[in-house]
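Asks: sharing a model prediction with you, sequence too.
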Amino acid sequence: MDLTMSTTTMSTSPALDHDHDHGHHLLSSASPTSTDSPATAMRPRPPSLPPTIPACDPHDGPASLQLIEDLTTHAGAIQQRVLGEILAMNAGTDYVRGFLGANDDDDSAEGRHADELAATFKERVPVVEYEDVKPYIERIANGAPSSLISSKTITELLTSSGTSGGQPKLMPSTEEELDRKTFLYNLLVPVMNKYVEGLDEGRCMYLLFVKPEMKTPSGLVARPVLTSYYKSRHFRERPDSPYTRYTSPNEAILCADSAQSMYAQLLCGLARRGEVLRVGAVFASAFLRALKFLEGHWRALCDDIRAGRVDAARVTDRACRDAVARVVARPDAALADAIAAECEAGAASWRGIVRRLWPRTKYIDVIVTGSMAQYVPLLEFYGGGLPLVSTMYASSECYFGINLRPLDRPEDVAYTLLPNMCYYEFIKVEKDGEEVRDGEVVDLVDVEVGAYYELVVTTFTGLYRYRVGDILQVSGFHNAAPQFRFVHRRNVVLSVDTDKTSEDDLLRAVTAAKRLLAPLGAILSEYTAYADTASIPGHYVLFWELTPPPTLSSGAAGVMAACCAEVEAGLDSVYRRCRSRDRSVGPLEIRVVSPGAFDELMDLCVSHGSSVNQYKTPRCIKHPDAIAVLEARVVGRFFSDTVPHWEPFNVVDANAATEADAHGAATAS
């Protein structure tokens, strides 16, 4: 995720929309969460092991920190218990029975020794990709019972920023899983309090937004994981606490119009300027977008603060406007003048604007791992030296772990995976994500420091040995629990926000677009791409070398703009949503380079150690030297002049449902 958003990054990820969301910072209910299921509670438990969903009061720092110690010290035993509970709970589902057989008294998950159960599970249940479980999820989306994969009722489907056939993946979720997420959020406060004092003496200005949701044919809601959480009672009905007091009222966060929500939340953040102790968003890209929005709208925001109102023309959502009006009910000319003075002083440069506008702020809370790492220089520019904090690692599939050293530099951020969240396994891979030949799948406590792995999870919500697609590196251990650095998403070559574009996605889109070059009498001989995040919002840049080189006249400009638009139209639904609805990705750009530019790129790569015999043009470049080589040969720049079409996807159409029923029935049998 890297949510690290995921994006996701959503990283800064976050992500997550790890939509993968690699690290989120929302602090939730201070009330104790639910404990184990009745079946679990009936079994004797060693006194040293906490419940699967332990009670956690974020106000009780010592007890919460001790809970982390208990969980990580007994990571191996807790993992065995988690697997046993998942299989005991879901033994009667079609999916589990299809591999492990019927759950009778003599051969049940409850009755087997933990080691034997784990061995049988690994022997019989395959490691799977989304396409393997998609038929089951689509059948549930069309009205089949949850018991296909889960004994607990699936209450909604979470849309992942990773895609399948151009559409978001759908992940099952249950009501109980919200308790598990709340537990993880509650641990974040005591960890931060260990490093930063006085967080209970003000408010946090977290800019949080909801995304579009849709209904499946069976009536289930399908929506991003964070939208699910913000709309849940766990968030909306959280008890009042100094750690969960946001500058934004819930109505502003839940406003479906992102522009209105942005204006409303910034207005509240400025009106409560003197109370703000921490600022942030889920993804670094979202926080930077807010600063860009502020740069364009600070005069209007100051006018509203000076008049003690909310401009009805800018915030038309009645519930949002009424809630924000209560925050800015009193005219405050002095505050408006002070804010305006800082913004006017930054007209030439907004360096350090965050610290200047919110002088009590102690840190910026955003995902800065994974694809969000590219935004660190901009965050440091605007932050004026404020620490950048990534607190947790999560995705649509499951929430995983927390950062126990939140003030570490962004490049050193590591997440400790909590063993009670799901059952973890790891496929050993090379740094680029390629599997190590004959590499075995290992358990959480058996990973090696320095090695790279792809994360595999078995969840309480109905995923079994599922490849998440995140590539992680083991940086060390906290007690018996490993700590991981998020490296990247498998196969993803481009990402600006929650979009995740693979090399194959890019190839298909470019292949469709290059046919439009015919009027120029040229063909596309080479291309590569990178995510340009120097501007806000960031955008995709493609370098194209054309043969023979055309005359780039005004007519050619129209052809190239059409090529840009065609590439965008060929990218997946999440990218198109980011461009058309969220406006979190800018128009795609094609930079035409002169002949020989890609030969120079090859020479550079060979000088850095690539084999001239095995060299192939990289379809994504990140190194500044490589970008500079091509940039020096640019002869024309062209942008997409249309916004790609996007609408909420149909979760399952009639034909897909029929095929899914047939495939699912065959697999289950």
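Replies: Yes, it's here. Since this is a predicted model, take the numbers as computed values, not measurements.
Asks: please, where are all the strands along the stretch 151-300 of the chain?
Replies: 154-164, 167-174, 203-207, 214-215, 221-224, 276-283 (DSSP state E, counting those that start in this stretch).
Asks: contacts made by the second one with the rest, please.
Replies: The reference is to strand 167-174. 19, 130, 134, 137-138, 140-141, 146, 149-150, 152-163, 222, 225, 228, 396-397, 460-463, 572-574, 649, 651 (C-beta atoms under 8 Å, 6 or more residues apart in numbering). Bear in mind the C-beta positions are built from the backbone N, C-alpha and C, glycine included.
Asks: out of those, which are buried?
Replies: 19, 130, 134, 137-138, 140-141, 146, 149-150, 152, 154-163, 222, 225, 228, 396-397, 460-463, 572-574, 649, 651 (16 or more other C-beta atoms under 10 Å).
Asks: go through the strands of the stretch 151-300 of the chain and pick out the most buried.
Replies: Ranked by mean neighbour count, the strands of the stretch 151-300 of the chain are led by strand 276-283 with a mean of 29 (mean count of other C-beta atoms under 10 Å).
Asks: partners of that one, with directions?
Replies: Strand 276-283 has its sheet partners listed here by DSSP bridges as strand 203-207 (parallel), strand 363-367 (parallel).
Asks: can you put those in TSV and add distance to Ser502 and mean pLDDT?
Replies: Conversion of those to TSV gives the following (distance: least, C-beta to C-beta, whole Å; pLDDT from 0 to 100):
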stretch	distance to Ser502	mean pLDDT
strand 203-207	29	96
strand 363-367	21	95
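Asks: what would those look like in TSV with distance to Ser64?
Replies: Listed next are these as TSV, based on distance: least, C-beta to C-beta, whole Å:
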stretch	distance to Ser64
strand 203-207	18
strand 363-367	18
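Asks: how about the ones you listed, which one is nearest Ile621?
Replies: For the strands paired with strand 276-283, the distance to Ile621 is smallest for strand 363-367, at 23.3 Å, taking C-beta to C-beta.
Asks: can you list the neighbours in contact with the helix or strand following the closest one?
Replies: Downstream of strand 363-367, the first helix or strand assigned by DSSP states H and E is helix 376-383. Residues from elsewhere that reach helix 376-383 (C-beta under 8 Å, 6+ apart): 12, 284, 287-288, 291, 350-355, 364, 366, 368, 388, 410, 533-534, 536.
Asks: quick one: mean pLDDT for the lengthiest helix in the chain?
Replies: Taking DSSP state H as the criterion, the chain has its longest helix at helix 284-307. Throughout helix 284-307, pLDDT has a mean value of 95.
Asks: what about that helix, distance to the chain center?
Replies: Centroid separation for helix 284-307 versus its chain: 24 Å, with C-alpha atoms, centre = their mean, to the nearest Å.
Asks: and it, what other elements does it pack with?
Replies: The contact analysis (3 or more C-beta pairs under 8 Å, 6 or more residues apart in numbering; DSSP states H and E) places helix 284-307 against strand 203-207, helix 258-271, strand 276-283, helix 333-345, strand 363-367, helix 376-383.
Asks: tell me which residues in the second one are buried?
Replies: Meaning helix 258-271. 258, 260-271.
Asks: format the residues you listed as JSON lines; extra columns: distance to Cys343 and pLDDT.
Replies: Formatted as JSON lines, these follow (distance: C-beta to C-beta, whole Å; pLDDT from 0 to 100):
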{"residue": "Ser258", "distance to Cys343": "22", "pLDDT": "91"}
{"residue": "Gln260", "distance to Cys343": "21", "pLDDT": "96"}
{"residue": "Ser261", "distance to Cys343": "21", "pLDDT": "96"}
{"residue": "Met262", "distance to Cys343": "16", "pLDDT": "96"}
{"residue": "Tyr263", "distance to Cys343": "15", "pLDDT": "97"}
{"residue": "Ala264", "distance to Cys343": "18", "pLDDT": "97"}
{"residue": "Gln265", "distance to Cys343": "17", "pLDDT": "97"}
{"residue": "Leu266", "distance to Cys343": "12", "pLDDT": "98"}
{"residue": "Leu267", "distance to Cys343": "14", "pLDDT": "98"}
{"residue": "Cys268", "distance to Cys343": "17", "pLDDT": "97"}
{"residue": "Gly269", "distance to Cys343": "14", "pLDDT": "97"}
{"residue": "Leu270", "distance to Cys343": "10", "pLDDT": "98"}
{"residue": "Ala271", "distance to Cys343": "15", "pLDDT": "97"}
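Asks: would you agree Leu494 is in contact with Leu506?
Replies: Yes. Taking C-beta atoms under 8 Å as the definition, Leu494 is a contact partner of Leu506 at 6.7 Å.
Asks: overlap in contacts of those two?
Replies: Joint contacts of Leu494 and Leu506 (C-beta under 8 Å, 6+ apart) are Ala529, Cys620.
Asks: which residues does Ala170 bridge with?
Replies: Quick fix: residue 170 reads Leu, not Ala. Here Leu170, judged by DSSP bridges, has bridge partners Thr159.
Asks: got a list of contacts for stretch 60-70?
Replies: The contact list for stretch 60-70, computed with C-beta under 8 Å, 6+ apart, reads 48-50, 54, 56-58, 186-187, 189-191, 193-194, 402, 404, 416, 418, 479.
Asks: filter the residues you listed down to the buried ones and express that as a PyMOL selection.
Replies: In PyMOL, this line selects whichever of the contacts of stretch 60-70 come out buried by 16+ other C-beta under 10 Å:
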select buried, resi 49+50+54+56+58+186+187+189+190+191+193+402+404+416+418
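Asks: ranking the strands of the stretch 151-300 of the chain by mean pLDDT, which is last?
Replies: If those are sorted by mean pLDDT, strand 154-164 sits at the bottom with a mean of 82.
Asks: circling back: ok, and for the longest helix of the chain, which residues are buried?
Replies: So, applying 16+ other C-beta under 10 Å, buried residues of helix 284-307: 284-291, 293-294, 297-298, 301-302, 304-306.
Asks: so Ser218 touches Glu138, yeah?
Replies: No. The pair Ser218 and Glu138 fails to qualify as a contact (C-beta under 8 Å) at a distance of 10.4 Å.
Asks: pLDDT below threshold where in this protein?
Replies: 1-48, 103-112, 162-166, 438, 610-614, 649-669 (pLDDT under 70).
Asks: confirm that Val315 sits in a strand.
Replies: No. Under DSSP: H, G, I helix; E, B strand; the rest coil, Val315 sits outside any strand and is assigned coil.
Asks: host element of the closest residue to it other than its chain neighbours?
Replies: Once flanking residues are discounted, Val315 sits nearest to Arg321: 4.5 Å by C-beta to C-beta, 6 or more residues apart in numbering. Using DSSP H and E, Arg321 maps to helix 318-327.
Asks: kindly report the same for Asp625.
Replies: Assigned by DSSP H and E, Asp625 falls in helix 624-631.
Asks: report the buried residues of that helix.
Replies: So for helix 624-631, counting by 16+ other C-beta under 10 Å, buried means Ala626, Ile627, Val629, Leu630.
Asks: roughly how far does the closest residue to Arg236 other than its chain neighbours sit from Arg223?
Replies: In space, and not counting its chain neighbours, Arg236 is closest to Asn250: 5.7 Å by C-beta to C-beta, 6+ apart. Between Asn250 and Arg223 the computed distance is 17 Å (C-beta to C-beta, to the nearest Å).
Asks: repeat for Glu430
Replies: For Glu430 relative to Arg223 (C-beta to C-beta), the value is 35 Å.
Asks: the nearest residue to Val441 once chain neighbours are set aside: how many residues sit nearby?
Replies: In this structure, Val441 finds its nearest non-sequential neighbour in Glu425, 5.0 Å apart by C-beta to C-beta, 6+ apart. By other C-beta atoms under 10 Å, the residues close to Glu425 number 26.
Asks: swap in Glu197?
Replies: Residues near Glu197, counting by other C-beta under 10 Å, number 9.
Asks: separation between it and His623?
Replies: For Glu197, the distance to His623 (C-beta to C-beta) stands at 41 Å.
Asks: try Leu208
Replies: For Leu208, the distance to His623 equals 34 Å [C-beta to C-beta].
Asks: who has more neighbours, those two?
Replies: For Leu208 versus His623, neighbours defined as other C-beta under 10 Å are more numerous around Leu208 (24 against 13).
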